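[1] have a look; sequence and predicted model below, questions after that.
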Amino acid sequence: MSVIDSLVEQIEARFAELEGQMSDPAVIGDRERYAEVGREYRELQPAQALGAEYRTLKDDLEGARELLAEDGEDSELRKVVDEAPQRIEALEEEIRLAMVERDPNDSKNVLVEVRAGTGGDEAALFAGDIYKMLTRYAEEKGFVTEALSQSNAEVGGFKEVTFAIKGEGAYSVFKYEGGTHRVQRVPETESQGRIHTSTATVAVLPEAEEVEVKIDQNDLQVDVYRSSGPGGQSVNTTDSAVRITHKPTGIVVSMQDEKSQLQNKERAMRVLRARIYERELAEQQAQIASERKAQVGSGERSEKVRTYNFPQGRVTDHRIKHTSHNLEGVLGGQLAEFTEALGAEEKRQRLEAAAVG
């Protein structure tokens, strides 16, 4: 039996097992367990469908060869014999890719931070464009977005904005957006028609549960102060804004958008947990060299990931050299072609890393 045949058998056995569990009253009665089984079942479905096609095609090919040997030439059977091996080979590759171990954070919700980079007012406007692009894409995918904090720029757009994207598999979709996004366009204020280059940086953090990141309250310095609006004037008369410093790592999170100090503290703790978790992940990945090969880009803010060129109406992803000529659509949230291409590349790299490892 070939490696692929054995893999297909394993997929079929596990899929049947999960199907049985989904109709088991004991599993149905345990909400957490049922959700977990349902998630694995959905994740395995594509591989199961590929396995079924692979098995059918192999049987068809074997049958066609036997009939040709017994009964002589037949155009339909000849077509199967000529074309099936190529499709079987493609299916073998697809099955291998479908079974590559997923990123353990893929199913998580995410916190996204967008900051204006170089380019002054134009960078703030572009940060606003990136925020709209990501939130529209999230809505299109059926995720829920929640604004956590924002610092508006006077010209429009944002100096920085933090928001959550919630839903099964949010991280698997949005993790590829982390890094530096670059825009090339003529600003409305530019009378000479010169093209300016500006940037916005995006950080995508898997949202960590309290059980995943233990924070000792003694390691925190919590400062409260009055919220300030544009121009520095005090917005309210109570100390509702919160700044939390995590002393061991030096990570600082400030939150002032809510009127209640408690709400601001809760939001700041969510962002702090996610940043500490991200730091721990980065340390783990730095230790495991093969894990680096299994990523598409580093996801770090300094890495240039995509350029949005207005004069030529195109968007280029530098990690996979993929270009779209639908600039307006992409900024309107049509990011699926990039996510799919980046996801396929990540799977290929994970497969290579597993083979090397």
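    Done, it's in.

[2] stretch 251-267: how far from the chain's middle?
    The gap between where stretch 251-267 is centred and where its chain is centred comes out at 26 Å by C-alpha atoms, centre = their mean, to the nearest Å.

[3] buried set for that stretch?
    Neighbour-count burial for stretch 251-267 flags 253-258, 261, 264-265, 267 (criterion: 16 or more other C-beta atoms under 10 Å). Just so you know, the C-beta spots here come from the backbone N, C-alpha and C atoms, and that holds for glycine as well.

[4] state the mean pLDDT of that stretch.
    Average pLDDT, stretch 251-267: 86.

[5] now do whichever strand in the chain runs longest: which elements does it pack against?
    Longest strand in the chain, counting residues (DSSP state E): strand 196-206. Identification of packing neighbours for strand 196-206 by 3 or more C-beta pairs under 8 Å, 6 or more residues apart in numbering; DSSP states H and E yields strand 110-116, helix 120-140, helix 170-174, strand 179-185, helix 261-287.

[6] which of these sits most buried?
    The highest average neighbour count among the helices and strands packed on strand 196-206, using mean count of other C-beta atoms under 10 Å, belongs to strand 110-116 at a mean of 25.

[7] ok, that one: who's next to it in the sheet?
    Strand 110-116 sits in its sheet next to strand 158-166 (antiparallel), strand 196-206 (antiparallel), going by DSSP bridges.

[8] what's the offset of the shortest one from the middle of its chain?
    Distance of strand 158-166 from the chain centroid (C-alpha atoms, centre = their mean) equals 15 Å.

[9] check the longest one too.
    Relative to the chain's own centre, strand 196-206 is displaced by 15 Å; criterion: C-alpha atoms, centre = their mean.

[10] against E40, how distant is the nearest residue to V222 once chain neighbours are set aside?
    Nearest residue to V222 in three dimensions, chain neighbours excluded: I244, at 5.4 Å (C-beta to C-beta, 6 or more residues apart in numbering). From I244 over to E40 the distance is 36 Å, taken as C-beta to C-beta, to the nearest Å.

[11] can you list the weak-confidence ranges in this protein?
    By pLDDT under 70, the weakly predicted segments of the chain are 1, 209-212, 228-238, 284-301, 353-357.

[12] care to break it down by domain?
    3-98, 105-207+297-357, 212-287 (automatic domain parsing).

[13] return the most buried member of those.
    domain 105-207+297-357 (a mean of 18).

[14] so what's V80 up against?
    Contact analysis of V80 by C-beta atoms under 8 Å, 6 or more residues apart in numbering lists 60-61, 64.

[15] does I195 touch P187 like I think?
    No: the criterion here is C-beta atoms under 8 Å, and I195 misses it with P187 at 9.1 Å.

[16] now do the strands in the chain.
    Taking DSSP E to define them, one finds strands in the chain at 110-116, 144-152, 158-166, 179-185, 196-206, 220-225, 241-246, 251-255, 304-309, 314-317, 322-324.

[17] now the first one: how far from the chain's centre is it?
    For strand 110-116, the separation from the chain centroid amounts to 13 Å (computed by C-alpha atoms, centre = their mean).

[18] export that strand as CSV, just CAs?
    What follows is strand 110-116, C-alpha atoms only, in CSV (Å, rounded to 0.1, in the frame of the first residue of the first chain):
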residue,chain,number,x,y,z
VAL,A,110,-7.8,38.3,16.5
LEU,A,111,-6.9,41.8,17.6
VAL,A,112,-5.7,44.0,14.8
GLU,A,113,-3.6,47.2,15.3
VAL,A,114,-3.3,49.6,12.3
ARG,A,115,-0.9,52.5,12.6
ALA,A,116,0.0,55.4,10.2
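
[19] what comes into contact with it?
    With C-beta under 8 Å, 6+ apart as the test, strand 110-116 has contacts from 123-124, 126-127, 130-131, 134, 148, 153, 157-165, 170-171, 174-175, 177, 198, 200-207, 270-271, 274, 301.

[20] ok and that strand relative to strand 179-185, angle-wise?
    Angle, strand 110-116 to strand 179-185, by axes from the mean of the first three to the mean of the last three C-alpha atoms, to 10 degrees: 40 degrees.

[21] ok, the fifth one next?
    With the same axes, to 10 degrees as the basis, strand 196-206 and strand 179-185 are set at 150 degrees to each other.

[22] which elements pack onto the longest helix along the chain?
    Secondary structure assigned by DSSP state H gives helix 31-71 as the longest helix of the chain. Applying 3+ C-beta pairs under 8 Å, 6+ apart, one finds that helix 31-71 contacts helix 3-22, helix 25-28, helix 75-98.

[23] could you check the angle helix 3-22 makes with the last one?
    Which is helix 75-98. 70 degrees.

[24] and E168, what does it touch?
    So, once contact is read as C-beta under 8 Å, 6+ apart, E168 ends up touching 39, 107.

[25] could you measure from it over to V37?
    In terms of C-beta to C-beta, E168 sits 14 Å off from V37.

[26] between those two, which contacts overlap?
    Shared contacts of E168 and V37 (C-beta under 8 Å, 6+ apart): none.

[27] reformat the helices and strands packed on helix 31-71 as a markdown table; add distance to V110.
    Shown next, in a markdown table, are these (distance: least, C-beta to C-beta, whole Å):
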| stretch | distance to V110 |
| --- | --- |
| helix 3-22 | 27 |
| helix 25-28 | 28 |
| helix 75-98 | 24 |
